[in-house]
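In: predicted model, plus sequence, below.
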Amino acid sequence: MKRKLLYIIVLTQGLFFYVFAQTDVQLSQQMFSKVNFNPASTGASNYAQAALFVRQQWVGFDGAPSTQVFNITGYIPKFRSGLGLSLLNDKYGPSNFMNAKIDYAYYLQLGEKSALSFGIGPGVLYKQLRAGSLIADESGDVHVVLEDESVIRPDCDAGIVFSTPTFGVGVSATHITSKIYQDDYLNAPMNLYAYAEANIAVTDGFSLLPYAQFSGTTTSGYQLMASLLFMFNERIWVGGSYRMQDAVVGMVGINITPDIRLGYSYDYSIGVLKGKNSGSHEIMLQMRMDVSTEEGRASRSPRFFN
């Protein structure tokens, strides 16, 4: 018998919506770089910053997602604006998704230590389905696409963030231009987000970093995630998170220098893939450079989160 069609394998595992009506990539260490889903976070500190995430999901599962995310952002004091570039590559099964965006945020100073930012992220997306790699058990299956297909479409994200040095909340939407196109498996559906975070100083050398996030689409439902990190001496952190009906996550990281940060997370599946994979691994590398002027520092209070 021929190897089962990956489409069917995925469908029987309850993962149809991930592959063909995919939600956005959900990074376990997303709290460190929210510009991936909210452009209003662009330029959220006085530093020029670059971040790289490499994620291998569901190790041991054939056709499991493999993801790379890169972004670079900075703040321009003269224009009270943040500017950045975001790149994403996500490969899963017979499908590949790539996204490139220019992120922009404008900051309104509400007080000495608080700001409201509005962001937009115009760009382009590419989505491909390599149907030629799929093998059907039976001919005439109406669910099987027999030809390779791909699309290149304009894309856009938008968001709002309220921030202080120790607290932040934000709402955003990704792929808002998707409503222009037919709702098919090559479309990237609009995803909605809301998050809240805090930096709670317990002692001089110990802080708690709680983070909560809602995300979802109108087609594939929603997901809730809550995490708590323990930060020691502003250098080392450990903690974990829970994604509803999906995974429990362990995280650890270190600020190698004041300007270089390295993090690692491991996801243990508790949803439909429990026991069918060896978990998910994610590595984060962040670098920053202080490019602000004295005028820029005085014009706004940099956030703890970035």
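Out: Yep, it's here. Residues are numbered from 1 along each chain as shown.

In: where exactly do the helices run in the stretch 201-306 of the chain?
Out: Per DSSP state H, counting those that start in this stretch, the stretch 201-306 of the chain carries helices over the ranges 294-299.

In: any regions of it where pLDDT drops low?
Out: 292-306 (pLDDT under 70).

In: would you map the strands across it?
Out: 206-217, 221-232, 236-243, 247-257, 260-269, 280-290 (DSSP state E, counting those that start in this stretch).

In: export these as TSV, with columns for mean neighbour count and distance to D90.
Out: The way it works is simple: take the backbone N, C-alpha and C, and place the C-beta from them, glycine included. Formatted as TSV, the strands of the stretch 201-306 of the chain follow (neighbours: other CB atoms under 10 Å; distance: least, CB to CB, whole Å):
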stretch	mean neighbour count	distance to D90
strand 206-217	18	15
strand 221-232	16	17
strand 236-243	18	17
strand 247-257	17	17
strand 260-269	18	16
strand 280-290	17	13
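
In: Serialize the ones you listed to TSV and add fields for distance to K91.
Out: Formatted as TSV, these follow (distance: least, CB to CB, whole Å):
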stretch	distance to K91
strand 206-217	20
strand 221-232	21
strand 236-243	21
strand 247-257	20
strand 260-269	18
strand 280-290	14
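
In: these: which one's closest to G74?
Out: Closest to G74 of the strands of the stretch 201-306 of the chain, according to CB to CB: strand 280-290, at 8.7 Å.

In: strands paired with that closest one, and their directions?
Out: Strand 280-290 pairs in its sheet with strand 47-56 (antiparallel), strand 260-269 (antiparallel), by DSSP bridges.

In: now the first one - C-alpha only, CSV.
Out: Listed in CSV are the C-alpha atoms of strand 47-56, where the atom choice follows Å, rounded to 0.1, in the frame of the first residue of the first chain:
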residue,chain,number,x,y,z
TYR,A,47,18.3,50.5,21.5
ALA,A,48,18.6,49.2,17.9
GLN,A,49,17.8,45.5,18.3
ALA,A,50,18.0,42.4,16.3
ALA,A,51,16.4,39.0,17.2
LEU,A,52,16.6,35.6,15.7
PHE,A,53,14.3,32.7,16.6
VAL,A,54,14.9,29.1,15.3
ARG,A,55,12.1,26.6,16.1
GLN,A,56,11.8,22.9,15.4
